[in-house]
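Return atomic coordinates for the entry below.
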Amino acid sequence: KQSSVNIRRRHNLELEYTQMAFIGLAYTPPPKRVLTVGLGGAQIPNVLRYYFPKVAIDCVEIDPVIVTVAEKFFFFKNRPPTRAIVADGRAFIRRAGASGWKYDMVVLDAFTSLYIPDHMVTKEFFHQVARVLSPGGCVVSNIHSSNMLYDYQQRTYANVFPQNYTFLGRRSSNAIVVSLNEPGSVSYDDMANRAAALQKQHHFAFDLTKIATMYEAK
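Numbers count the residues shown, from 1 in each chain. Predicted coordinates:
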């Protein structure tokens, strides 16, 4: 299962990894511009829009049929300040970097029927992603701890981004990696306190404080 929505409580986020992706908010100021790569059922941009109605969200999806399905069955609204862009994610990010576009959060959630596309797990790709990050921004990557490439992926993140923080799913093999393109570190306590403050402020239908406890200490 890659997408799911509760039509009566559509902001609940049914899948664990979609809830986990919101932990990126604990590492960056409130985002003004967000890029998501891989639309699927559009649950991450939909819920992000619900809690942050003024945020501008660019959703890049290679398959136009997926955009149509998201609009028809998953309540996705392709209108400003949200827009769907039909393009290859890497090609779009390369063009965005060349144009000087910046995003406060980049969510990487592009998958084929097998795994993440090969050209989106390389150092070269992540250097391109780093180029479109705003100062203080973060990258949120959805990967799988059970995949044979997991350890290699972790090393790739470490070779590109100065800071990387991993959260492991409890009901799934999903892992969320939050990457920051600047030196320093964020302690567990600081992250957990920020998550608790966000939960209190926004009253998420999921519990961000519990997601904070999924942190994998190195």
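
Contacts for the longest helix that the chain contains next, please.
Criterion DSSP state H: the longest helix present in the chain is helix 188-202. Contact partners of helix 188-202, identified using CB atoms under 8 Å, 6 or more residues apart in numbering, comprise 23, 25-27, 51, 165, 204, 207-209, 211-213, 215, 217. Every C-beta, even on glycine, is put in place using the N, C-alpha and C of the backbone.

at 7 Å what do you get?
Helix 188-202 has contacts (CB atoms under 7 Å, 6 or more residues apart in numbering) with 23, 25-27, 51, 207-209, 211-212, 215.

how far out from the middle of the chain is it?
18 Å (CA atoms, centre = their mean, to the nearest Å).

who does residue 36 bridge with?
residue 59, residue 107 (DSSP bridges).

Where does the residue nearest to residue 23 when sequence neighbours are not counted fall, secondary structure wise?
The shortest distance from residue 23 to any non-neighbouring residue, by CB to CB, 6 or more residues apart in numbering, is to residue 211 (5.0 Å). Applying DSSP states H and E as the criterion places residue 211 in helix 208-212.

tell me the mean pLDDT for that helix?
Averaging pLDDT along helix 208-212 yields 97.

Would you mind pulling up the elements that that helix packs against?
Applying 3 or more CB pairs under 7 Å, 6 or more residues apart in numbering; DSSP states H and E, one finds that helix 208-212 contacts helix 188-202.

So residue 143 belongs to a helix, correct?
No. Counting by DSSP: H, G, I helix; E, B strand; the rest coil, residue 143 is not found in a helix; it is strand.

Now do the same contact list for the most centrally placed residue in the chain.
Computing the C-alpha centroid of the chain and ranking residues by CA atoms, centre = their mean puts residue 107 first, at 2.6 Å. For residue 107, the contacting residues are 21, 34, 36-37, 44, 140, by CB under 7 Å, 6+ apart.

follow-up on the earlier one: show me what counts as buried in the helix holding residue 211.
Within helix 208-212, the residues scored as buried using 16 or more other CB atoms under 10 Å are 208-209, 211-212.

Go ahead and name everything in contact with that helix.
19-20, 22-23, 26, 167, 191-192, 195-196, 198-199.

Per-residue pLDDT of residue 10, please?
Confidence score, pLDDT, at residue 10: 61.

Residue 112 too?
pLDDT, residue 112: 81.

Also the one 3 residues further on?
In this model, residue 115 is scored at 90, pLDDT.
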